[in-house]
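Chemist: Pasting a predicted model and its sequence here:
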Amino acid sequence: MVECAICLGKIKDCIKTPCGHIFCRFCLITWIESNNAACYRCPICRTYLEFDFYKYIKFLLPFQRRARPRTRFRIA
């Protein structure tokens with residue numbers, strides 16, 4: 001079982017950072033927003049996270065996951 005390093009629980013809505021660490025999406029967003037720094041860093045290795053990555057997980061990703069096309073195939 002993979003655990004989130006922030007909440008120490010089972011990962012929900014998995015997000016992988018560019019440096020390869022895995023967190024809950026909500027936990028990572030909360031952690032990033034709680035740091036009042038000008039730059040965002042990975043909670044584990046302190047690698048810089050681009051602002052575009054933050055915008056992606058906060059705003060774009062939820063809409064992309066909801067907008068997945070559901071195709072149904074009919075057998076003729």
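Modeler: Sure, I can see it.
Chemist: and C7, what is it in contact with?
Modeler: C7 sits next to 24, 27 when contact means Cβ atoms under 8 Å, 6 or more residues apart in numbering. (C-beta placed from N, C-alpha, C; glycine too.)
Chemist: So it, which state does it fall into?
Modeler: coil (DSSP: H, G, I helix; E, B strand; the rest coil).
Chemist: and it, what pLDDT?
Modeler: Per-residue pLDDT puts C7 at 93.
Chemist: Distance check, the closest residue to V2 other than its chain neighbours against Y48.
Modeler: Once flanking residues are discounted, V2 sits nearest to I11: 5.4 Å by Cβ to Cβ, 6 or more residues apart in numbering. Using Cβ to Cβ, to the nearest Å, we find I11 at a distance of 23 Å from Y48.
Chemist: which intervals of this protein have sub-threshold pLDDT?
Modeler: 1, 36-39, 62-76 (pLDDT under 70).
Chemist: the longest helix in it is where?
Modeler: Longest helix in the chain, counting residues (DSSP state H): helix 25-34.
Chemist: Which helix or strand lies directly C-terminal to that one?
Modeler: Counting by DSSP states H and E, the next helix or strand C-terminal to helix 25-34 is strand 40-41.
Chemist: and the most centrally placed residue in the chain, what does it touch?
Modeler: For the chain, the residue nearest the mean C-alpha position is I15 (3.2 Å; Cα atoms, centre = their mean). Contact analysis of I15 by Cβ under 8 Å, 6+ apart lists 22-25, 28, 57, 61.
Chemist: again, only this time at 6 Å
Modeler: If you count contacts by Cβ atoms under 6 Å, 6 or more residues apart in numbering, I15 has them with 23, 25, 28, 57.
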